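Participant: Quick one, structure for this:
(3 chains)
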Amino acid sequence: MYESKSLVKALADKYGRDSEALMPILQGIIAEHNYLNDDAMLNIAKELDLSAAHVFGTASFYSFLDHKERGKFVIRICRTISCDMKGKAQILRTIEDTLKIKHGETTSDKKFTLLETNCMGWCHKAPAMLINDIPYTELTTDKVIEIIQDYQNK
Amino acid sequence: MANQVNLKINGMAVTVDEGSTILHAAKKLDIHIPTLCAHDDLCVAGNCRVCIVEQKGLRTLPASCAVPVFEGMEIETNTLKVRQARKHVIELLLSEHKQDCLSCYKNGNCELQNLSSEFKVNGSIFMDLVEDHRYTIDRYSPSIIKDDSKCVRCQRCVRTCEELQKVSALAVSGKGAEMKISTFMDRPMVEVVCTNCGQCINRCPVGALVEKDYIDQVWDAIADPKKHVVVQTAPAVRVALGEDLGLPNGEIVTGKMAAALRRLGFDSVLDTNFTADLTIMEEGTELLLRLKGALVDKNPKVTLPMATSCSPGWIKFIEHKYPELLPNLSTCKSPQQMFGALAKTYYAQKINVDPANIVSVSIMPCTAKKYEAQRPEMRSSGYQDVDYVLTTRELAIMIKQAGFDFLSLPIEHTDSIMGVGTGAAVIFGATGGVMEAAIRTAYELVTGREVPFKDLDIMPVRGMEGVKEAKVLLENCVPAWSFLNGAELSVVIAHGLVNADKVMKMVRDGNPHGWHFIEIMACPGGCIGGGGQPIPTNIDIRKKRTDAIYQEDANLPLRKSHTNPEVTQIYAEFLTEGPCGHKSHELLHTHYTERVGY
Amino acid sequence: METKSLNRVELIFEPCEGMDATLASVFKYSNDEITSELIDSGLRGRGGAGFPTGLKWKFTAATPGDEKYVICNADEGEPGTFKDREILAKVPEKIFVGMAIAAKVIGAKEGFIYLRYEYKFMLKELQEHVDLFNDMIKGYLDFKISFRLGAGAYVCGEESALFESMEGKRGEPRNKPPYPTISGFRGKPTIINNVETLAFATMIIKYGAERFKSLGTQDSRGTKVFSVSGDLPNAGIYELELGMTLQKFVDEFSDGDAKAVQVGGASGFCVPRKKFKDTIIGFEGVPTGGSMMVFNSSRSMYNVLHNYLDFFVEESCGQCTPCRVGCQQLLKGLKAVKKGEKPESYLEDLLKLSRSMQLTAKCGLGQSVGNSFASIVENFKEEMVY
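Facilitator: The predicted model follows:
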């Protein structure tokens, strides 16, 4: 849970208060907190004079505008066919074993969330994943363990 | 005049205005194209794809509701290709729709049922998807049940809530297979900004949004020999009930309805019109007192303009969206709740029945009234003042269940007391009606003369325009109100919450038009278009009901609230301090609650 | 039919000689010259739909209005497509210049690049490029480019859904007509082009139509940037002349074991080995936004189709019945056939459904689900059954 009032206000000051500002503001919250909580969506609704259901409905359309609690680092493994063919399942299992969570879950220290995502445009360097906004490609089990360990120390 | 466009549908030539849709052009040729998401009151969605047709030169089949015509266009509505594709679309809709039709509340009045009957989709090859989805059935609201397993995602409710009501309690959420109609974070309807107006129910083609019905509870009460069951009927019910019982739109059934209520077993058949007249006395007095407070006493605590408070959907709207303007609301309870408070006090004394044994039922064109009846403030009698609220539709169901032929019932009258109303009360059912009734009485109170309109018909406040303004000049006032001499009473009327929102924005921004009195009805057309009225609804149906309302007013011998003899009687016997007196405040007035804005 | 051999060309990736020089070389032409040249070149939209670019610009220019927009569609989300990222990374100037030319032609003052969220990591650098460009263009035109970020929705690559998203709404495709040339972003006349299309427009105006036109075939002029992935040794991004047969493509890129190629991504067509020789890559044969996915004989085409359908079930916007429910039925039905819960003949029913979806869905997404479904089921039926 986080408090969002001042952040929403700052984002609205930056992007404006008409309905077009909704996406950049939602993205601004995500950049800061990785997910949208109720408080953030309600503050946005109030700030932009939109219905809260509309804010929620819009956010829920987009896979990067999560409204479920996420960890500090959100890992998204590409599940589309090229990555699938190049061993995505094994990478996923390796991360699950390393972090001791199933995909869709968040570690108890709220550091990592493990998700799958659709094609992210690295088919020629499959398998690939994103950690927050950073892509990692041509993954192997060794490589992915190393990457996760790096983040564990962040 | 708009430019004309010539096209052919099924080989027949037709000319329509530029900008018309294929569907519109087909209607002109009396060609029926089935639809589902399209609704006359709402913007085009084009998402159900039931109304697809074949367009010459186009590979795909366009949705006729969404595509504008062009010169030389050629359309076929009944080809093999169209029929097969349409059948697929209907079968797909059925595959994600819980098909418990026999036990569905909308059984017999379901557009999807009609479509599947029309296209004989028995033996659909598709697999059932309902159980694959996590769906919820929200029964927490006292007014509305939202059953996602029935939803066909036509988005009529979303468009209604946004376009007609500017509430947007409902929105589309998720995408793909997860796409559904949601409140904020899928919270129960009763927790969100929903005004319970029920306009979504009136437009839902299936059983995904229905009223919470209290039919069984009312039958139980009627069957209980210890209980004395009183029933009141709102003005708008009498011009719409017939529609659910085989009569055309806008048929007046006041007398038959009284007969039917007796045959259903209600012990006292009374009329909300009585308290509508009483509302005028109370609210009219409140307005005049506020005017005096503001103009003569210069009391800064007096708030103007004053807004009517009879529409519980409107009350919930302002509580959520303009809480800072709550002091502008009249403190008068709605006629339903005035009636409820009096039924278990005044009426109980009159008929010598222990109020604990009175069951108070109201028949309303409204679903928000169900919520209103359960508000904690509405217990002035020491009991819940109104026990059960049934919609016009529920009453029709009870009449059908009882098994008598409504059409051959005799004309009967309501009981006395609390059974008499004037024409001023009847017109509460149409937008502008409360205003007209109030002006008829207030003008006369202040000037000693009847309103200067032919046959008492105050035409400027009537009609379907979303926001109506009028001015009434007060001259040669009687001594008590001489301070109003020469004043021009400025009023505004809005119906449909989208219009209420426009008016309230202006009030918030300083009331530039200088309004003194505002009438607001949550539903389009007022109560005749209420969320509890027979389905379907559209502007023509609402106009017919409105015409009937004014006809009923014209038919009545008494047409001004202050001439209601029962009203005179209650002020003489019970509310002896007169309108807005101490007892009135105790029983007939209320207060409001600021609510969260989602 | 005219076919071409496999011909690697460097047109789009030809190094830029510098933005200012490029701007100078294209801004000397009149609007009419520009649209005529583009129409003459035969350039068709590189996003997949293939609408003639010059006509799109001409129509938008002809629509009356003071407020018009140019939008670059960088919401590359089609599975197996990644070429726009490469163009954005290597020659962004060509995209910006293309947008500026379009802006000049229609009189737009604002341009937007709608970048998919998955490419957000590029934004900082791209923003620096755009800032430079916005400074430089001042000498030629009152025009400014800004970035808008997507948020993870494949359907936003559909142009009207992209406008909705930019306007702060759910990315649901609109009813068409009206088309963007009449009513696009903010309801105003809008040119919306794919990244690659805009870069090509720059090259065509700079060098004239002839160089582009001399490449490719009658229906498919010029070159195309291909995103090549799957079972092959050298996956990557290749600019190739249009009009080659799939056989030539496979001969060049595959390890010799290709049993099928999915042309055009999940919404494209699956071509089995026996049809490689007769299949032309281009608008006269199998059109593609650039995605070429090669499957070797070890691959289960059932798994491939299952993967695509999972994708569509999730990425359909959900508003129209045929797409929302149809995708779920195709997936559920396919799984049932594979498990033996439904007879093989059920595949015929599903094929009929996929054809109805092609006819009745509201937008290109729903209309094209049937492409991969039918081409995989029809060509690899034996792999779909129990």
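Participant: hey, let's count contacts and neighbours off CA atoms from now on
Facilitator: Will do.
Participant: excluding its backbone neighbours, what's nearest B:Met185?
Facilitator: In space, B:Met185 comes closest to A:Phe56 once its chain neighbours are excluded; the distance is 6.5 Å by C-alpha to C-alpha, 6 or more residues apart in numbering or on different chains.
Participant: Distance-wise, check the one you found relative to A:Leu22.
Facilitator: Using C-alpha to C-alpha, to the nearest Å, we find A:Phe56 at a distance of 11 Å from A:Leu22.
Participant: How about C:Gln127?
Facilitator: 21 Å.
Participant: who has more neighbours, those two?
Facilitator: The neighbour count for C:Gln127 versus A:Leu22, taken as other C-alpha atoms under 10 Å in any protein chain shown, is higher for A:Leu22 (28 against 14).
Participant: which residues touch that one?
Facilitator: A:Leu22 makes contact with A:44, A:48, A:55, C:168-169, according to C-alpha atoms under 8 Å, 6 or more residues apart in numbering or on different chains.
Participant: wait, A:Ile77 sits on A:Ala128?
Facilitator: Yes: using C-alpha atoms under 8 Å, A:Ile77 is in contact with A:Ala128, at 6.4 Å.
Participant: shared neighbours, these two?
Facilitator: What both A:Ile77 and A:Ala128 touch, as defined by C-alpha under 8 Å, 6+ apart, is the set A:Lys88.
Participant: Go ahead and list the helix or strand containing B:Val389.
Facilitator: Element membership of B:Val389, judged by DSSP states H and E, is strand B:388-391.
Participant: How about A:Asn43?
Facilitator: helix A:38-48.
Participant: following that helix, which helix or strand comes up?
Facilitator: Following helix A:38-48 toward the C-terminus (DSSP H and E): helix A:52-59.
Participant: Backbone dihedrals for the closest residue to B:Gly72 other than its chain neighbours, both of them.
Facilitator: Excluding its sequence neighbours, the residue lying closest to B:Gly72 (C-alpha to C-alpha, 6+ apart) is B:Leu7, at 4.9 Å. The main-chain torsion angles of B:Leu7 are listed as degrees, to the nearest 10 and equal phi -150, psi 170.
Participant: So in terms of bridging, what pairs with B:Leu7?
Facilitator: Beta-bridge pairing for B:Leu7 (DSSP bridges): B:Val14, B:Met73.
Participant: so how many other residues sit close to it?
Facilitator: Neighbours around B:Leu7, by other C-alpha under 10 Å: 20.
Participant: about what we covered before: how big is the angle separating the helix holding A:Asn43 from helix A:52-59?
Facilitator: Interaxial angle of helix A:38-48 relative to helix A:52-59 (axes from the mean of the first three to the mean of the last three C-alpha atoms, to 10 degrees): 110 degrees.
Participant: Can you give me every residue that contacts C:Phe143?
Facilitator: Per C-alpha under 8 Å, 6+ apart, neighbours of C:Phe143: C:100, C:103, C:108-111, C:134, C:137.
Participant: Mind jotting down where the strands sit in the stretch 351-500 of chain B?
Facilitator: Counting by DSSP state E, counting those that start in this stretch, the stretch 351-500 of chain B has strands at residues B:358-364, B:388-391, B:467-473, B:488-495.
Participant: Report the angle between the longest one and strand B:467-473.
Facilitator: Put plainly, it is strand B:488-495. 160 degrees.
Participant: immediately after the lengthiest helix in chain C, which helix or strand?
Facilitator: In terms of residue count, the longest helix belonging to chain C (DSSP state H) is helix C:321-339. Moving toward the C-terminus from helix C:321-339, the next helix or strand (DSSP H and E) is helix C:346-360.
Participant: residues making contact with the next helix or strand after that next one?
Facilitator: Moving toward the C-terminus from helix C:346-360, the next helix or strand (DSSP H and E) is helix C:364-379. Contacts to helix C:364-379, defined as C-alpha under 8 Å, 6+ apart, come from residues C:155, C:158, C:266-272, C:301, C:305, C:312, C:316, C:322-323, C:327, C:347, C:351, C:354-355, C:357-361, C:384.
Participant: at 7 Å instead, please
Facilitator: C:155, C:266-270, C:272, C:305, C:323, C:351, C:354-355, C:357-359, C:361, C:384 (C-alpha atoms under 7 Å, 6 or more residues apart in numbering or on different chains).
Participant: do stretch A:132-142 as well
Facilitator: A:73-75, A:91, A:94, A:125-130, C:120-121.
Participant: Thank you, goodbye.
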